[in-house]
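K.L.:
sequence isn't available, so here's the structure alone:
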């Protein structure tokens, strides 16, 4: 019960602070929450995928392309995806329930990106790719 309360409070603060001006720091703080199963944590929008704005779709699309770039090392993939996350954060204009659900995804995605940047190993790259597959199950 206590964990749910703090998680809810944290999410509320993150949502209220995401106005596009200083969203980089707000989004970066989300990486401190650890949840093991993304499929159990995310939900659909009345059995439909959540609608993302053009900026978000473009950034995630670039992350998918980067993650499959065989000419990059795993570590470089992590670095380039972090750069794209920064672009996503700085252009954050979404609001409402779709925005909240995206934040939930990012809470689990950011630590994997950070781990990949540090280790550069294939296990972490596969985790990242799996999370991007899960993203496509919940967002469009």
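P.N.:
Yes, it's here. Every value quoted in this text rests on a predicted model; they were computed, and no experiment measured them.

K.L.:
all helices for this protein, in order.
P.N.:
Assigned by DSSP state H, the chain shows helices spanning 2-17, 23-29, 38-41, 54-67, 74-90, 96-119, 122-138.

K.L.:
in this protein, which residue is most central in space?
P.N.:
Computing the C-alpha centroid of the chain and ranking residues by C-alpha atoms, centre = their mean puts residue 106 first, at 2.5 Å.

K.L.:
which sections of the protein are below the confidence cut-off?
P.N.:
For the chain, applying pLDDT under 70 flags the ranges 1-36.

K.L.:
contact partners for the residue nearest to residue 80 when sequence neighbours are not counted?
P.N.:
The shortest distance from residue 80 to any non-neighbouring residue, by C-beta to C-beta, 6 or more residues apart in numbering, is to residue 66 (4.8 Å). Where you see a C-beta, it was placed from the backbone N, CA and C, and this is true even at glycine. Each residue near residue 66 by C-beta atoms under 8 Å, 6 or more residues apart in numbering is listed here: 72, 77, 80-81, 84.

K.L.:
please report how far residue 66 lies from residue 99.
P.N.:
Remark: distance between residue 66 and residue 99 (C-beta to C-beta, to the nearest Å) = 23 Å.

K.L.:
what sits closest to residue 76 if chain neighbours are left out?
P.N.:
Nearest to residue 76 is residue 120, by C-beta to C-beta, 6+ apart, at 7.9 Å.

K.L.:
wait, the one you found sits on residue 75?
P.N.:
Yes - Residue 120 lies in contact with residue 75 (C-beta atoms under 8 Å); the separation is 2.9 Å.

K.L.:
ok so, going back, would you turn the helices of the chain into JSON lines with distance to residue 47?
P.N.:
Shown next, in JSON lines, are the helices of the chain (distance: least, C-beta to C-beta, whole Å):
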{"stretch": "helix 2-17", "distance to residue 47": "23"}
{"stretch": "helix 23-29", "distance to residue 47": "28"}
{"stretch": "helix 38-41", "distance to residue 47": "15"}
{"stretch": "helix 54-67", "distance to residue 47": "20"}
{"stretch": "helix 74-90", "distance to residue 47": "26"}
{"stretch": "helix 96-119", "distance to residue 47": "14"}
{"stretch": "helix 122-138", "distance to residue 47": "11"}
